[in-house]
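In: Give me a model of this one.
(2 chains)
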Amino acid sequence: MGSDLERLKSDWLGRIGAAADLPALEAARVAALGKQGAVTGLLKTLGAMPPEQRQVEGPRIHGLREAVAEAIAARKAALEEAALEQRLATEGLDMTLPVAPAPEGSVHPVSQVMDELAEIFADLGFSVATGPEIEDDWHNFGALNFPENHPARAEHDTFYFDRAGADGHPMLLRTHTSPVQIRTMQAQKPPIYVIAPGRTYRSDSDATHTPMFHQVEGLVIDRGITLGHLKWTLETFLNAFFERDDIVLRLRPSYFPFTEPSAEVDVGFHMEKGRRVLGGSDHWMELLGSGMVHPRVLANCGLDPEEWQGFAFGVGIDRLAMLKYGMDDLRAFFDGDLRWLKHYGFRALDVPTLSGGVGA
Amino acid sequence: MKFTLSWLKEHLDTGATLDEIVATLTAIGLEVEGVENAADKLAPFVVAEVLTAAPHPQADKLQVLTVDAGTGEAIQVVCGAPNARAGLKGVFGAPGAYVPGSDLTLKVAAIRGVESRGMMCSVRELELGEEHEGIIELDADAPVGAGYAAWAGLDDPVIDVAVTPNRQDAMGVHGIARDLAAAGLGTLRPVEAPPIAGTYPCPIEIRTDDPEGCPAFYGRVIRGASNGPSPAWLQRRLKAIGQRPISALVDMTNFITMSYGRPLHVYDLARLHGAIVARRARDGEQVQALNGKTYTLDPSMTVIADGREVHDIGGIMGGEHSGVTEATTDIVIECAYFDPEHIALTGQKLALVSDARSRFERGVDPAFVEPGLELATAMAIELAGGEPSQVVRAGTPPLAQRHVDYDPARCEGLAGIAVPEDRQQDILQRLGFTVTRGEVWRVAVPTWRRDIDGSADLVEEIARIEGYDKVPSTPLPRAPGVARPTATPEQMLERSARRTAAARGLNEAVTWSFISDAEAAPFGGAAWRLANPMSEEMKAMRPSLLPGLLAAAARNAARGADSIRLFEIGRRYLDECERPTLGLVLAGPRGPRHWGGGHGAVDAYDAKAEALAILAAAGAPPGSLQVLGDASGSYHPGQSGRLCLGPKTVLAEFGTLHPRIARAFDLDGPVVAAEIFLDAIPAKREATGHMRAAYAPAALQPVKRDFAFLVPADLPADRLLRAVTGADKAAIVAANLFDVFTGESIGEGLKSLAVEVTVQPADRSFTDEELKAISDRVVAAAAKLGATLRS
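Out: Residues are numbered from 1 along each chain as shown, chains lettered A, B, ... in the order given. Okay, the predicted model is just below:
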């Protein structure tokens, strides 16, 4: 009997090992372990055996069943592995094929620089104010202490509309962001710490002047503010904006109707590889206009010049962008050329932060 | 304002160098725009004498000269000038000299076979004038070998200063000298204008009938003058600052204009008829000005006229007819005070710029009318001779003394510079102010500073002379702790929209706010149009962001770009206000051709996808957005829509661009667009802090059921989805349209919409009956729209 089982075992193991594929293995499983299977048949004989014999035969027959079942499982795993290997061998792809490119978006340098300005000035406690671009004469000139017919107005190359405002003067495109000073002082009580970036317009056109351009206005109204605070603010801002610590400013007396005293601000630069780089004082260039808010402007906005004073400045955003990022033709800013936008633009995630640096 | 160093030194006694003067001018607010010295470029040229002149053996028009340039040798020069002759003294350039007027550097050369070792120069070759008829002829006493420029008095640097519109006093050399003296660069030489007694009554009546425009008109006659060319020193001065010498009397007026900022006019008495009067112009009256142009005047303008006609646009430009000529013997000198506002207005109306206007509109010194006339008289007689009449003084200049109350502490309080009181007083007095000290100072303003009318102005005067470089850098007060956020909700919304668009592969452009009328017309036309545009292309304020973007897209397409994705955030300029808007344009294929396919042409759904994504980022509630038809006429009527919150609140428009507009912008392929009306997006509700709602994921798995409906072909799919979702608001959490099919197999006028409905059990699983009930409700809700289940 024992040698029969041994023979049976080696027969089945041989047959299982020889199963060439999963169907053949399944056929062998059914033949051995199925309901009518040979091993199953042997197991059924156990019930009819006397206990003594069953004690001897039981473990042996069960041993046979386990050996067969294990062999089937092992063979199945081997066959499946072989099948997988075979499938994988047929599934090769050319991984050098190019993937479909996702379109690359970009943020315009003017927008980026505006965000940089907002970030820097937020740290200094300034918020961002806005105002209309189609302005009336009073906000653009009158309230800013430009006397009617004064030559200072002629310097502004103003665009006028064929429609008059409430005061009978033609409406105009703001020539500077300074009207936002007026609107801010009328709308809120001091202390006032704001910047006002936006589009401005003058009838002028060459490589460094376009009829539309961008300015940022700064305005501080508080008690005890002096020209010294203006100087510090500009130095601090420019050092942060250009991420340097060697920016040198030179204040020069100048004239703007809405500031008194007024100062033109030059910034020192040096040359690196044929380009102007800010820092040091090898050379000077005019950068911005500024001054202490004229007492009459304060009064025009309903503020008491005896109590409040402050400073204002205006600087070209396009010019800041050009100096920081190296563009040389202002006209290209407004052409919408995709090649330029992709070259000088910024990635969506280049959000200026103080911790990461405001430049990108 | 240009002047020469020697001119300045006639008014300023100084030992300062040119560099010191230039640096100081800029430092005190008289910005130096340039310094040029004609002598620099003339340095290699010397006075030389022609020793011999012989015909050139090979050329009729050339001569062979020998020249003595003071080097001790006779230099051979070939010369083509007809006036070259032995004994002539001229200007010689040796080999190596750069000739500025010809833009060449001299070298030893053979000219038609004869060696030439330099050049005798013409006026034009040295950029000293236009004459080129022959070589320069110098006086016989010119020293051979001497540097030409120095000998000719050309070594006199020209300084060009940008004078700001407030500084009337700096429109003359004398005023600039006063500023420099105040800054410690020397001593101002006083003006000496002693009265010159007339020997007879003025033979012509002089009066002003326009006391508003011309409050003062002083004048006198000089008889028996002879008006030839002005002397060399005067011609040199005027040429140096870019003016053309005309005649002694005209040059005299220009010299006094430049020296003292005091414009004058001289008439030929013989050309005047009757009284000479300052009056308002008559409507339509014309005058031919000295620039040769004829101007038509109106009654807002002040003129000087006689009994017959207008002779002078008062304070701006004289008339051609009565100007002095070489034949003039009797003249009238006009020295008037014109009102600055009137002059500015007239100058703007006539678009006429002149040295006189730029001074009168800033305001001339009302106390300098009489001295100006005396200086003019003295100089006229000196240059042209003649006998002066008595002075006529019609009207009076506005001479009321103005005072400013000044607290010297204001200097540090406003400018941040601590300047001792004595020093402040000294600066003010050097500038011509009279200071009466007290608790508050009483400061009398000089007549040449009409711009000064408050204490802030005095602070600027003191600060600019003391030096802005003394302004200390003073930190602003800083709130303790970390900086607080400052951006407004509108700014945050705009930032989110911008960076989302860029993240989705759109390129931000900035295009002009003004476009052409033709570009604006299909978008409803412009509400705002410029009266003085740069060009017709930049005239109409854009009613939409699309025209600018479409024009940019067309330019890109013309450059060969094929997948164009542009956006812009800016304002639309509508009749009542400016509206912040995001516009986007997609044109051409979705991307470059790809082996995997999937990059067809852009369609209206691409525009919708971008609009929805940007709206979501900007805070619009995506679930509440509805697509309604009737986008504006700039879109394809059947492939466009509006994204709305209810019928009244339109947040965006999107769709395929109307083919007619695409053609107008020269865009051939498919073009889709969208505009998002940023100010229509409702503000996020007042935040209740950063805390989110408690996290409560559904405990049980959702169940999904598919439904295929046959619906009328014109039923908007969105209505079916809303009906399905609304069939059981408690259980149905989503309805996803996953198939749209039309075809013959379905039947005429119908389409098939397949929807996957997700139902979410709450605290226990649905029974089969419950699921069936929900399905029945879905089918019933769809049936109300004419939908039947597809079998």
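In: contacting residues around the closest residue to chain A within the stretch 651-791 of chain B?
Out: Here the stretch 651-791 of chain B gets closest to chain A at one residue, residue B:679, 11.7 Å apart by Cβ to the nearest Cβ. C-beta coordinates here come from the backbone N, C-alpha and C atoms, glycine included. By Cβ atoms under 8 Å, 6 or more residues apart in numbering or on different chains, the residues touching residue B:679 are B:490, B:579, B:580.
In: Not counting its neighbours along the chain, what's nearest residue B:198?
Out: Excluding its sequence neighbours, the residue lying closest to residue B:198 (Cβ to Cβ, 6 or more residues apart in numbering or on different chains) is residue B:390, at 3.3 Å.
In: Tell me who's in contact with residue 322.
Out: Let's take chain A. By Cβ under 8 Å, 6+ apart, the contact set of residue A:322 is A:328, A:330.
In: meant chain B, my bad for not saying
Out: B:267, B:268, B:271, B:272, B:306, B:311, B:312 are the contacts of residue B:322 under Cβ under 8 Å, 6+ apart.
In: Pipe these into CSV and attach secondary structure, pLDDT and neighbour count per row.
Out: As requested, the contacts of residue B:322 are exported to CSV (DSSP: H, G, I helix; E, B strand; the rest coil; pLDDT from 0 to 100; neighbours: other Cβ atoms under 10 Å in any protein chain shown):
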residue, secondary structure, pLDDT, neighbour count
B:267, strand, 94, 27
B:268, strand, 94, 20
B:271, helix, 93, 19
B:272, coil, 93, 21
B:306, coil, 92, 19
B:311, strand, 92, 25
B:312, strand, 92, 25
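In: pLDDT on the stretch of helix or strand residue B:218 belongs to, on average?
Out: Using DSSP states H and E, residue B:218 maps to strand B:216-223. On average, the pLDDT along strand B:216-223 is 97.
In: Give me the helices and strands touching that strand, please.
Out: strand B:206-208, strand B:331-337, helix B:369-384, strand B:387-388, strand B:392-395 (3 or more Cβ pairs under 8 Å, 6 or more residues apart in numbering or on different chains; DSSP states H and E).
In: Sheet-wise, list the partners of it with their directions.
Out: If you go by DSSP bridges, strand B:216-223 pairs up with strand B:331-337 (antiparallel), strand B:387-388 (antiparallel), strand B:392-395 (antiparallel).
In: buried residues in stretch B:170-187?
Out: B:170-183, B:185-186 (16 or more other Cβ atoms under 10 Å in any protein chain shown).
In: Check chain A for its longest strand and report it.
Out: Across chain A, the longest stretch assigned as strand under DSSP state E is strand A:259-272.
In: ok, that one near chain B or not?
Out: Yes: applying Cβ under 8 Å from any Cβ of the partner chain, one finds strand A:259-272 touching chain B at A:260, A:261, A:262, A:263, A:264.
In: Need the per-residue pLDDT for residue A:1.
Out: 50.
In: Ok, residue B:134 next?
Out: 88.
In: Surely it touches residue B:80?
Out: No: here residue B:134 does not reach residue B:80: they are 9.2 Å apart, not a contact under Cβ atoms under 8 Å.
In: Which single one of the contacts of residue B:322 is nearest to residue A:57?
Out: Proximity of those to residue A:57 (Cβ to Cβ) peaks at residue B:312, which lies at 143.1 Å.
In: Could you look up the SS state of the nearest residue to the closest one once chain neighbours are set aside?
Out: Spatial nearest neighbour of residue B:312, chain neighbours left out: residue B:304 (3.8 Å); criterion: Cβ to Cβ, 6+ apart. Under DSSP: H, G, I helix; E, B strand; the rest coil, residue B:304 falls in the strand class.
In: If you count neighbours, what's buried in the strand holding residue B:218?
Out: For strand B:216-223, using 16+ other Cβ under 10 Å, the buried residues are B:216, B:217, B:218, B:219, B:220, B:221, B:222, B:223.
In: got it, and stretch B:618-636?
Out: Residues B:618, B:619, B:620, B:625, B:626, B:627, B:631, B:632, B:634, B:635, B:636 are the ones in stretch B:618-636 that count as buried (16+ other Cβ under 10 Å).
In: How far does it sit from its chain's centre?
Out: 41 Å (Cα atoms, centre = their mean, to the nearest Å).
In: Please name every helix or strand in contact with the helix or strand hosting residue A:63.
Out: With elements taken from DSSP H and E, the one containing residue A:63 is helix A:51-90. Judged by 3+ Cβ pairs under 8 Å, 6+ apart, helix A:51-90 is in contact with helix A:2-18, helix A:22-33, helix A:38-45.
In: Please work out the average pLDDT along that helix.
Out: 91.
In: Could you tell me how far it lies from the centre of the chain?
Out: 60 Å.
In: Using CSV, write out every CA atom in whichever helix or strand comes after that helix.
Out: Following helix A:51-90 in sequence order, the next helix or strand is helix A:109-123 (DSSP H and E). C-alpha atoms of helix A:109-123 as CSV (Å, rounded to 0.1, in the frame of the first residue of the first chain):
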residue,chain,number,x,y,z
PRO,A,109,6.9,91.4,-16.4
VAL,A,110,4.7,94.5,-15.6
SER,A,111,2.3,92.4,-13.6
GLN,A,112,5.2,90.6,-11.9
VAL,A,113,6.9,93.8,-10.9
MET,A,114,3.6,95.2,-9.6
ASP,A,115,3.4,92.1,-7.4
GLU,A,116,7.0,92.6,-6.3
LEU,A,117,6.2,96.2,-5.4
ALA,A,118,3.1,95.2,-3.4
GLU,A,119,5.1,92.6,-1.5
ILE,A,120,8.0,95.0,-0.6
PHE,A,121,5.7,97.9,0.4
ALA,A,122,3.4,95.6,2.3
ASP,A,123,6.4,94.9,4.6
